[in-house]
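*Asks:* for reference, the sequence and a predicted model appear below.
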Amino acid sequence: MQPAVPTLPIVVWLAAVPLIIWAYLLLFRGGFWRTGVRLPIAPDPGSWPSVAVVVPARNEALMLGSSLPTLLDQDYPGPLRVVLVDDHSTDETAKVARRLGAQPGGRVVPEVVAGDEPPPGWSGKLWALAQGIGAVSSSGSAVEPTGGLRVPEFLLLTDADISHPRSSVRQLVAWAEAARLDQVSLMARLRVQTGWERLIIPAFVYFFAELYPFRWVNRRGRKTAAAAGGCVLVRRRALESAGGIQAIRGAVIDDVAMAKALKGSGSSIWLGLADEVRSVRPYAGLKDLWDMVARSAYTQLGFSLVLLLGTLAGLAVTFVGPLAALAAGLATGASAVALVGAVSCLVMGLTYIPMICYHRLGWWRAAELPVVACLYGAMTVTSAWRHYREGVAWKGRRYGPVNE
């Protein structure tokens, strides 16, 4: 008789499932956990193309004082224009923008465009962007140093809560020209000052990178496409070739939709983490952060209940499974199960530490990831509930459930 081949108990195999998942994520998910994809320092181009900055703004009077002056004081050597589209604000957004533009010291005077209400089928932000792009494309836009006018070659689409360093436009354009890119986008640094911001924000960027590994996005010939809507530099002609803003007019996750349209039409795109481009928007409590995630989480799943259930199961197995295996192994004396769970926890934490360090927080916060994953699962359920109950709501507008 041949000796019996020892087999591992089924409980060990079950405990190994999260470890297998984490081994894949660590080794084969495009290095999503690495934070080294930053804007390279590129040489100056032979000539500087014209750029129009378009800022959609709805009820952003409190944000503009920290963001708009950084755009008006850019050190860009070429023709530059800044257009702010007041998207039917009920506060003093337009008034604040004009006052900031009248202050001495700025190199550019902003043009404030009064936006119309979006037509049916348009999201508010995309309609505001379309109006801003239409304004700069039809009126000649950027002023040459010689006094002439030029239709912009590049559009910088940036949110009203984004603060830029003086070299921002110059560095974005230099990299786009040097690498022959049609879109360059930076994931702006979000605030991590409050306790809830420190807990939620690093995971927000981490999960985004897990969904859209930056290295895959930046690889020509790969279908993965994404952008960060707070800072997107795009060639005007490339955007027009992809169908323009009209092609994605109803998108809630507009930055990813634009990137997919551009890459799908043959454009080369690039996405990285920002060093100095920052969001100045505060999130006072958990509710503000919850609403930020819930606004688009179910949209990301294509409004599919099957994907929602799969996502919740995946979050539980991937992020809670390692802790469950470790605890069960220790409680029952099953050393093999405890060992597998411990290794899974270690790998999970190691993938999160770079993102924690990028946000200049203590590495020990990597232990919070399972808790945050549970919160994100609850936010996704909230997103689905709101979708079927009242539709997508943002900035005081409701777009209605998709199935209506």
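*Replies:* Looks like it arrived, so ask away.

*Asks:* how close does residue 226 sit to residue 361?
*Replies:* 24 Å (C-beta to C-beta, to the nearest Å). Backbone N, C-alpha and C define where each C-beta goes, glycine included.

*Asks:* these two - which one has more neighbours?
*Replies:* Higher neighbour count among residue 226 and residue 361: residue 226, with 24 against 17, using other C-beta atoms under 10 Å.

*Asks:* model confidence for that one, exactly?
*Replies:* Per-residue confidence (pLDDT) for residue 226: 97.

*Asks:* break this structure into its domains for me.
*Replies:* As given by automatic domain parsing, the domain ranges for the chain are 10-34+300-388, 51-284.

*Asks:* of all those, which one comes closest to residue 290?
*Replies:* Within these, the stretch nearest residue 290 is domain 10-34+300-388; the backing value is 5.6 Å (C-beta to C-beta).

*Asks:* the residue nearest to residue 367 when sequence neighbours are not counted: what's it in contact with?
*Replies:* Closest residue to residue 367 apart from its sequence neighbours, by C-beta to C-beta, 6 or more residues apart in numbering: residue 349 at 6.6 Å. Contact analysis of residue 349 by C-beta atoms under 8 Å, 6 or more residues apart in numbering lists 366, 367, 369.

*Asks:* just the buried residues of those.
*Replies:* Those of the contacts of residue 349 that meet the buried threshold are 366, 369, by 16 or more other C-beta atoms under 10 Å.

*Asks:* circling back: can I get the domains of the chain in JSON lines with distance to residue 292?
*Replies:* As requested, the domains of the chain are exported to JSON lines (distance: least, C-beta to C-beta, whole Å):
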{"stretch": "domain 10-34+300-388", "distance to residue 292": "9"}
{"stretch": "domain 51-284", "distance to residue 292": "7"}
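
*Asks:* mind telling me what element the spatially closest residue to residue 365 that is not a sequence neighbour is part of?
*Replies:* Excluding the flanking residues, the one nearest residue 365 by C-beta to C-beta, 6+ apart is residue 356, at 5.0 Å. Counting by DSSP states H and E, the element that carries residue 356 is helix 335-358.

*Asks:* list the buried residues in that helix.
*Replies:* Buried residues in helix 335-358, defined by neighbour count with 16+ other C-beta under 10 Å: 337-345, 347-349, 351-356, 358.

*Asks:* show me the helices in the stretch 301-404 of the chain, by range?
*Replies:* Remark: helices assigned in the stretch 301-404 of the chain by DSSP state H, counting those that start in this stretch are 305-315, 321-332, 335-358, 369-390.

*Asks:* what's the closest of those to residue 13?
*Replies:* Among those, helix 335-358 sits nearest to residue 13 (C-beta to C-beta), with 9.3 Å.

*Asks:* quick check, distance from the closest one to the centre of its chain.
*Replies:* Distance of helix 335-358 from the chain centroid (C-alpha atoms, centre = their mean, to the nearest Å) equals 25 Å.

*Asks:* before we move on, what about stretch 154-172?
*Replies:* Distance of stretch 154-172 from the chain centroid (C-alpha atoms, centre = their mean) equals 15 Å.

*Asks:* what residues of stretch 358-375 count as buried?
*Replies:* Under 16+ other C-beta under 10 Å, the buried positions of stretch 358-375 are 358, 359, 361, 365, 366, 368, 369, 370, 372, 373, 375.

*Asks:* any chance you could list what contacts it?
*Replies:* 35, 189, 192, 198-203, 205-206, 273, 315, 318-320, 322-323, 348-350, 352-353, 356-357.

*Asks:* what's the answer for stretch 66-78, then?
*Replies:* 44, 47-51, 53, 55, 80, 82, 84, 97, 100-101, 103, 105-110, 142, 158, 160-170, 173, 280.

*Asks:* only alpha carbons, please: show the helix or strand harbouring residue 101 as CSV.
*Replies:* For residue 101, the element it lies in under DSSP H and E is helix 93-102. What follows is helix 93-102, C-alpha atoms only, in CSV (Å, rounded to 0.1, in the frame of the first residue of the first chain):
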residue,chain,number,x,y,z
THR,A,93,-19.5,82.9,-6.7
ALA,A,94,-19.4,85.2,-9.6
LYS,A,95,-19.0,88.3,-7.5
VAL,A,96,-16.1,86.8,-5.6
ALA,A,97,-14.4,85.7,-8.8
ARG,A,98,-14.6,89.2,-10.3
ARG,A,99,-13.3,90.7,-7.1
LEU,A,100,-10.3,88.3,-7.0
GLY,A,101,-9.6,89.1,-10.7
ALA,A,102,-9.5,92.8,-9.9
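
*Asks:* all set, thanks.
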